[in-house]
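[1] Generate a structure from the sequence data that follows.
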Amino acid sequence: MTYYGGAEMAASFRTVRMNTVQIAEEIPEDQYGFKASPDTRSIGQLLTHVAFIPRVQAEIHQHRVEDLAKLDFSGVMRRIGVEEAKPWTKAEIVALLKSEGECFALYLEGLDEAFLSEPVRMPQGAQPATKSRFEMLLSPKEHEMHHRGQLMLLQRMVGIVPHLTRERQERVARVQEKVAQ
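    Numbers count the residues shown, from 1 in each chain. Here you go, the predicted structure:
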């Protein structure tokens, strides 16, 4: 018996994506070109990257790739890169985050334990030598959370207190208010 399967992965991914969408909605469009430094992605580029990155894992697992050495990873990344490089408005990026996120979540929901437990060989020299599809399909969420941390720092740099910080501050204030009574 598994406690965390496709349905739970989908729900967890939706939560992460919902928070990313909220960040995207709160940043003014005139700040989407902001970069922390010249050699980094802009806010808009980072959000577009986050929107498309689950396609990598979808490509691997929808085609039931069993050995990553047989995957044209460069080709997959090139196709995604072409999409990322298109000019996107804020509204288009927000819509993209929602649609791509829901597409991936729906895919995750349909996965069963047998499929998730299948091993996939990693490229030669990688450690570990194999990973389960389950472990690999967690990576888009982990990847997004990594970039969401960057986005929250970028929010601070453009003068926005991130929503998760605001929510925590409000909870603390409520507790302090009750203690003071």
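[2] From now on I want contacts and neighbour counts done on CA atoms only, so please keep to that.
    OK.
[3] The spatially most central residue of the chain: which element?
    Central residue of the chain (Cα atoms, centre = their mean): E144, 2.8 Å from the mean position. Element membership for E144, per DSSP states H and E: helix 133-157.
[4] Could you check the pLDDT of the residue nearest to the residue nearest to the centre of the chain when sequence neighbours are not counted?
    Of all residues not flanking E144 in the chain, V50 sits nearest, at 5.9 Å (Cα to Cα, 6 or more residues apart in numbering). On the pLDDT scale, V50 is placed at 98.
[5] what ranges do the strands span in the protein?
    Counting by DSSP state E, one finds strands in the chain at the ranges 119-121, 130-132.
[6] For the first one, which residues meet the burial criterion?
    This points to strand 119-121. Judged by neighbour count using 16 or more other Cα atoms under 10 Å, the buried positions of strand 119-121 are 119-121.
[7] One more: stretch 67-77?
    Buried, per 16+ other Cα under 10 Å, within stretch 67-77: nothing.
[8] Distance from that stretch to the middle of the chain?
    20 Å (Cα atoms, centre = their mean, to the nearest Å).
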